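J.: Structure, please.
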Amino acid sequence: MNLSQYSSIRGENECNSFLLKAFPMRYYSADSFYGFLIAAAVFNLATCPFTVALNALIMVAVKTKRRLQTHPNILLACLALTDLMVGLVVQPLHTAMTIFLLQGKDANEFCDIHFAFTISFAIFIFLTASHLILLSGERYLAIKHTFKHSTVVTQGRLMISSALVWITAPLYFIGTSYLTVARFAYHAALIFSIVSFQVLVHKEARRHEKMILSLQVSVEARAKLRKEKKALKLTTVIITKTFVCFFLPSISVVIAFRLFRDQFSPDFEILVGYLCRLLVISSSVFNPVIYTVRKREFRVACIELLIRKRLQDA
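T.: Model prediction:
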C-alpha cells in the first residue's frame, strides 16, 4: 500500500469516526425504503429553486421597501437569509446523499458529502433556533416596553445580533461535536427560552387588552399596542410552525431512540430519522409562504417586485 492510499483510508476512517461520535447517522440498504428516497429526492429538487427564490424575494422586499423595515420584519429577513442558505447548501447536499443511497453506495463512499451535510445541517438548526429566540425576545420587549422599545431596540442592534449568531454558529458546531452534553443543554435552553418568551408575551398582551377595554390608555397608545399585537401574531405563527411541526418531532424521535433503542429495527430508525431531517429542511420553503399569506404588506411588496407595479396598482 503506497502513501496516498494509506492517507486516503486514514482520512475516511477519521471522517467516519468523527461523524459517528458527533452526529450519529447510520445508513443501510436502500431497498427497504427505495420509494421514499425517490420521493425525497424529487421533493428536494422541486422545492430547492423555490426555497432560494422566495426567501431572496422576502429579503429584497424588506431591503427596498421602507414601509416593511419594521423590527420584526428585519428579523424575518434575517431568518430568510438562513432559509436561503438552506436552499443553496443544505438541500443540494441532502439531494446528493439521497442519490448516492439510491445507487446503493455506502456512507463510507460519500464521506465528504456526508461530512459537509452534517456541518451545514447542524449550523442551520442553530441559526434558525437562534433567530427564533431573537424574534421572541424582540416581541417581548415590544409588548412589555411598548414606548421604550423603539429607542432600546434599533435596526442596527438587530443586525448586529443576527451577525453575532452567524459568527457563533461554527463555535456551536465545534463545541457540540465533542461535548454531547452541550448539545442537549443548548436544546433544553432553546426550548425553555422560546416557551418562556411566548408565555410572557401573551400574558402581557392580555394585560394590554384589558387596559384597552377599560379605556385606561390614550388613543395613540391604543393604536400602537394593537400594531404590536398584530406583529406578534405572525411571529407566533412562525415560531409555532417551526417548533411544533419540525423541531419537536425531531427532538422526540431522538429521545425515543435513546430510551427504546432495542425496540426499533435499523430500517425503521433510518427511515424516521431521514424523514425528520427532511421535515426540518422543508421549513425553509414554507416560511416565506407564511409571511405572504399572513401579512398583506409582504404580498403587496412581492407583487410590486415581481410585476414591477406601483404600490397603488399592486
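
J.: Quick check: residue 288 vs residue 84, distance?
T.: If you measure residue 288 against residue 84 using Cβ to Cβ, to the nearest Å, the figure is 9 Å. (Glycine included, C-beta is placed from N, CA and C.)

J.: So for those two, which residue has more residues nearby?
T.: More crowded of residue 288 and residue 84, by other Cβ atoms under 10 Å: residue 288, with 26 against 21.

J.: how much space between that one and residue 139?
T.: According to Cβ to Cβ, residue 288 stands 19 Å off from residue 139.

J.: joint contacts of residue 288 and residue 84?
T.: Taking Cβ atoms under 8 Å, 6 or more residues apart in numbering as the contact rule, residue 288 and residue 84 both touch residue 55.

J.: in the helix or strand where residue 272 lies, what's buried?
T.: In the assignment (DSSP states H and E), residue 272 maps to helix 266-294. In terms of neighbour count (16 or more other Cβ atoms under 10 Å), helix 266-294 has its buried residues at 269-278, 280-288, 290-292.

J.: any idea where the helices of the stretch 101-250 of the chain begin and end?
T.: For the stretch 101-250 of the chain, helices defined by DSSP state H, counting those that start in this stretch occupy the ranges 111-144, 149-152, 155-178, 180-213, 219-242, 248-259.

J.: Count the residues that sit near residue 240.
T.: Count around residue 240 with other Cβ under 10 Å applied: 12.

J.: Spatially central residue for the chain, please.
T.: residue 128 (3.3 Å; Cα atoms, centre = their mean).

J.: need the contact list for the residue lying closest to that one once chain neighbours are set aside.
T.: In this structure, residue 128 finds its nearest non-sequential neighbour in residue 82, 5.6 Å apart by Cβ to Cβ, 6 or more residues apart in numbering. Counting by Cβ under 8 Å, 6+ apart, residue 82 makes contact with 124, 127, 128, 131, 284.

J.: so the helix or strand where residue 82 lies versus helix 155-178, what angle?
T.: Using DSSP H and E, residue 82 falls within helix 71-85. Per axes from the mean of the first three to the mean of the last three Cα atoms, to 10 degrees, the angle that helix 71-85 makes with helix 155-178 is 40 degrees.

J.: Return the mean pLDDT over helix 71-85, rounded to an integer.
T.: The average pLDDT for helix 71-85 rounds to 91.

J.: And for stretch 91-108?
T.: For stretch 91-108, mean pLDDT is 80.

J.: And for stretch 147-155?
T.: Mean pLDDT, stretch 147-155: 78.

J.: what distance separates the start and the end of that stretch?
T.: Taking Cα to Cα, to the nearest Å, stretch 147-155 runs 16 Å from one end to the other.

J.: Any buried residues in it, and which?
T.: For stretch 147-155, the buried set under the neighbour-count rule, 16+ other Cβ under 10 Å, comprises 149, 153.

J.: do the same with stretch 52-71
T.: So for stretch 52-71, counting by 16+ other Cβ under 10 Å, buried means 52, 54-59, 61-62, 65, 68, 70-71.
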